[in-house]
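> Fold the stuff below for me.
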Amino acid sequence: MLLLPLLLLGVILPGGDNKDVLQGPTSLHLKRISTFVNSTWTQNLGSGWLDDLQVHGWESDSGTAIFLKPWSKGNFSDEEMTELEDIFRAHFILFTQYVQDLVNELQLKYPFVIQIILGCELHSGKAIESSLRGALGGLDVLRVQNHSCVPAPDSGSRGQKFCALVTQNEGTSDILERLLSDTCPRYLLGVLDAGKAELQRQPEAWLSSGPTPGPGHLLLVCHVSGFYPKPVRVMWMRGEQEQPGTQQGDVMPNADWTWYLRVTLNVAAGEAAGLSCRVKHISLGDKDIILYWGHPTSIGLILVAIIVPSLILLICLALWFWRRW
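Next comes the predicted model:
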């Protein structure tokens with residue numbers, strides 16, 4: 001009963017290999033938190049995450065899934081998602097009853113919280129590792145990985161009992177193994193493929209000067225915004241040499257699920273010329289963003305863009321007045 005919805009999920013997931021793996025988010029985790037307040041009241045919360053991006057929620061009152069992104073269904077049809085909702089809805093009821101029946105045997109005292117995390121992670125070489133973790137009140141109880149259930153070191157008899165529940169039924173073990181080794185990886189690849197347009201957002205970058213750090217010094221600021229996924233590398237450079245003293249702020253979230261970063265460099269005013277800010281991000285491929293501080297070419301282009309039209313206008317006005325005269 002503990003694993004019922006996850007096991008049935010493995011049966012109805014569509015097949016097919018997806019070799020076009022998006023490099024960006026690398027893990028999918030389904031999280032379930034059950035708070036047992038007393039013998040008659042339990043609150044269940046569920047969510048799905050791609051790394052640090054939540055893509056699924058669960059409406060506990062109606063027992064329906066919440067799709068936070070248009071591509072959260074991956075390659076599932078509406079009919080398949082409806083069937084999954086029915087399975088999870090039934091699971092929450094059965095799981096609650098099952099735990100309530102074992103309260104005394106597991107020596108649990110109200111209120112208590114049980115957390116379950118099932119997930120898979122994409123590693124280099126497209127290898128995918130899956131696992132299931134169970135915790136009681138934030139303390140690990142068990143971990144299922146590599147075809148075996150291992151009680152957490154500090155879980156005592158509870159961890160052993162929970163593992164026994166997972167492994168004592170051969171059919172349950174077989175389906176769980178299929179879920180971890182096949183279903184979760186395929187679903188991860190399907191969601192990554194469906195959301196590839198949004199899961200790699202190219203950054204925008206611009207330069208500014210910050211508050212004067214002291215006499216004869218400048219604070220150079222490189223702003224990078226609108227990128228996803230979160231990992232990014234921003235460096236102040238002179239040629240190909242990264243400059244010491246670079247200060248990186250916290251990566252902050254934007255309202256549209258993307259990220260923002262501010263990187264500064266304190267330099268003597270006479271040493272600012274020739275410095276550049278280089279931005280590396282997976283969405284850019286091998287084409288880094290490079291912005292030059294006080295680039296003479298850029299200044300020249302700006303002057304040309306302002307002066308040339310003005311000169312043309314003055315010449316035209318002079319000719320017009322000359323002809324009128």
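> List the buried residues of the helix or strand hosting His91.
Per DSSP states H and E: His91 is located in helix 78-101. Using 16 or more other Cβ atoms under 10 Å as the test for burial, helix 78-101 gives Met81, Leu84, Glu85, Ile87, Phe88, Arg89, His91, Phe92, Phe95, Thr96, Val99. In this view, the C-beta of every residue, glycine as well, is placed from N, C-alpha and C.
> any idea whether the residue lying closest to the first one once chain neighbours are set aside is helix, strand or coil?
Nearest-residue entry for Met81: Lys73, 5.7 Å, with adjacent residues in sequence omitted and distances by Cβ to Cβ, 6 or more residues apart in numbering. When the structure is reduced to helix, strand and coil (DSSP: H, G, I helix; E, B strand; the rest coil), Lys73 reads as coil.
> List the contacts of Ile33.
Asn44, Leu45, Gly46, Val113, Ile114, Gln115 (Cβ atoms under 8 Å, 6 or more residues apart in numbering).
> Same question for Ala269.
Neighbours of Ala269 in contact, by Cβ under 8 Å, 6+ apart: Gly216, His217, Leu218.
> Show me the residues you listed that map onto strands.
His217, Leu218 (DSSP state E).
> which of the contacts of Ala269 has the most neighbours?
Leu218 (20 neighbours; other Cβ atoms under 10 Å).
> ok, then the element right after the helix or strand of the chain with the lowest mean pLDDT?
Within the chain, confidence by mean pLDDT, DSSP states H and E is lowest for helix 4-12 among all helices and strands, at a mean of 39. The helix or strand immediately downstream of helix 4-12 is strand 27-36, counting by DSSP H and E.
> mind listing what that following strand pairs with, with the direction of each?
Sheet pairing of strand 27-36 (DSSP bridges) gives strand 42-50 (antiparallel), strand 112-122 (antiparallel).
> Please produce a markdown table containing the ones you listed, extended by mean pLDDT.
What follows is the strands paired with strand 27-36, written out as a markdown table (pLDDT from 0 to 100):
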| stretch | mean pLDDT |
| --- | --- |
| strand 42-50 | 92 |
| strand 112-122 | 91 |
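> could I get those strands as JSON lines with distance to Leu314 and mean neighbour count?
Compiled in JSON lines, these are given as follows (distance: least, Cβ to Cβ, whole Å; neighbours: other Cβ atoms under 10 Å):
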{"stretch": "strand 42-50", "distance to Leu314": "59", "mean neighbour count": "18"}
{"stretch": "strand 112-122", "distance to Leu314": "62", "mean neighbour count": "19"}
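> In a markdown table, list those strands along with distance to Ala269.
Output for these, formatted as a markdown table (distance: least, Cβ to Cβ, whole Å):
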| stretch | distance to Ala269 |
| --- | --- |
| strand 42-50 | 45 |
| strand 112-122 | 47 |
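> The spatially closest residue to Gly46 that is not a sequence neighbour: how many residues sit nearby?
Excluding the flanking residues, the one nearest Gly46 by Cβ to Cβ, 6+ apart is Trp58, at 3.3 Å. Neighbour count for Trp58, taken as other Cβ under 10 Å: 22.
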